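S.K.: Using only what follows, build the 3D model:
(one chain, ligands or ions: 2)
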Amino acid sequence: MDIKVRVWRQAGPAADGKMVTYDVKDISADASFLEMLDVLNEQLILDGDDPIAFDHDCREGICGMCSMVIDGTPHGPERATTTCQLHMRHFNDGDVIDVEPWRAAAFPVVKDLVVDRTAFDRIIQAGGYISAPTGTAPDAHAMPIPKKDADAAFEAATCIGCGACVAACPNGSAMLFTAAKVAHLGLMPQGQPERDTRVLDMLQAQDDAGFGGCTNMGECTTVCPKGIPLTLIGRLNSDYRKAVTRKS
Ligand code: SF4
Ligand code: FES
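M.R.: Ligands and ions are numbered 1, 2, ... in the order given. Reported below is the predicted structural model:
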């Protein structure tokens, strides 16, 4: 298939950016979106142009690195799919596809499609850990955990920290990410000692990093490649209220 891509090019954090149009010819419908960009970059290098900078690592939907907005939607048009798992068969021959970086004040552009997501690291550093010694893997059923809690914790733990929720939110809020991280530890017995300080410190770090507040728009969960549910934000707010009450 032959397509055109209009890609955000920005030489550096302080440079002005603009959309630049490229023709990409003879792309296999089975190629991933990133492979299509690889082909375009080979073409740009052969032409003596600067290749497009974009983040990627696992290309298996695990690492959360492949942050780009495709035709206005973080991670593109397929639900529950990271950019690296998106294939060209979901587009049509002759399409013109817009590709932009995450747009959020807390995720400044580094170059082209690469943004600085260390703000997420600061939220994790503030409370995304447990202090209970865990040792080696325990015997099965040594610590009884209700199945519904184990399932809910596992679901929350599938958040890959990609930042699509922030990019989709009109407020640039990181609440879905923080809610997932607070829930996946707070649902387990090992996560109880820091349960209150975790939610207070992670929300403080989120505010300090410049993320916006949540107004229940729900755009975040719609684009989340792991289907993290909005109900976890309700759980986060409940944990926050209890922590504030216990602290005062
Ligand atoms: S909640 Fe979903 S969209 Fe947000 S960082 Fe986690 S996986 Fe990505
Ligand atoms: S490159 Fe790892 S999730 Fe896409």
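
S.K.: Could you use CA atoms for every contact and neighbour count after this?
M.R.: Fine.

S.K.: ok, and does whichever helix in the chain runs longest reach over to ligand 1?
M.R.: Counting residues, the longest helix found in the chain (DSSP state H) is helix 231-247. No. Helix 231-247 does not reach ligand 1 (C-alpha under 6 Å from any ligand atom); its nearest approach is 9.7 Å.

S.K.: what mean pLDDT does that helix have?
M.R.: Here helix 231-247 scores 97 as its mean pLDDT.

S.K.: In CSV, list the C-alpha atoms belonging to it.
M.R.: Below are the C-alpha coordinates for helix 231-247, written out as CSV (Å, rounded to 0.1, in the frame of the first residue of the first chain):
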residue,chain,number,x,y,z
THR,A,231,-13.5,2.9,38.6
LEU,A,232,-9.9,2.9,39.8
ILE,A,233,-10.0,6.7,39.9
GLY,A,234,-13.0,6.4,42.2
ARG,A,235,-11.0,4.0,44.4
LEU,A,236,-8.1,6.4,44.4
ASN,A,237,-10.3,9.3,45.6
SER,A,238,-11.8,7.0,48.3
ASP,A,239,-8.3,6.0,49.5
TYR,A,240,-7.2,9.7,49.4
ARG,A,241,-10.2,10.8,51.6
LYS,A,242,-9.5,8.1,54.1
ALA,A,243,-5.8,8.9,54.3
VAL,A,244,-6.5,12.6,54.8
THR,A,245,-9.0,11.8,57.5
ARG,A,246,-6.6,9.5,59.3
LYS,A,247,-3.8,12.0,59.1
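
S.K.: Off-centre distance for that helix?
M.R.: Helix 231-247 has its C-alpha centroid displaced from the chain centroid by 23 Å (C-alpha atoms, centre = their mean, to the nearest Å).

S.K.: likewise stretch 92-108?
M.R.: Chain-centre distance of stretch 92-108: 14 Å, with C-alpha atoms, centre = their mean.
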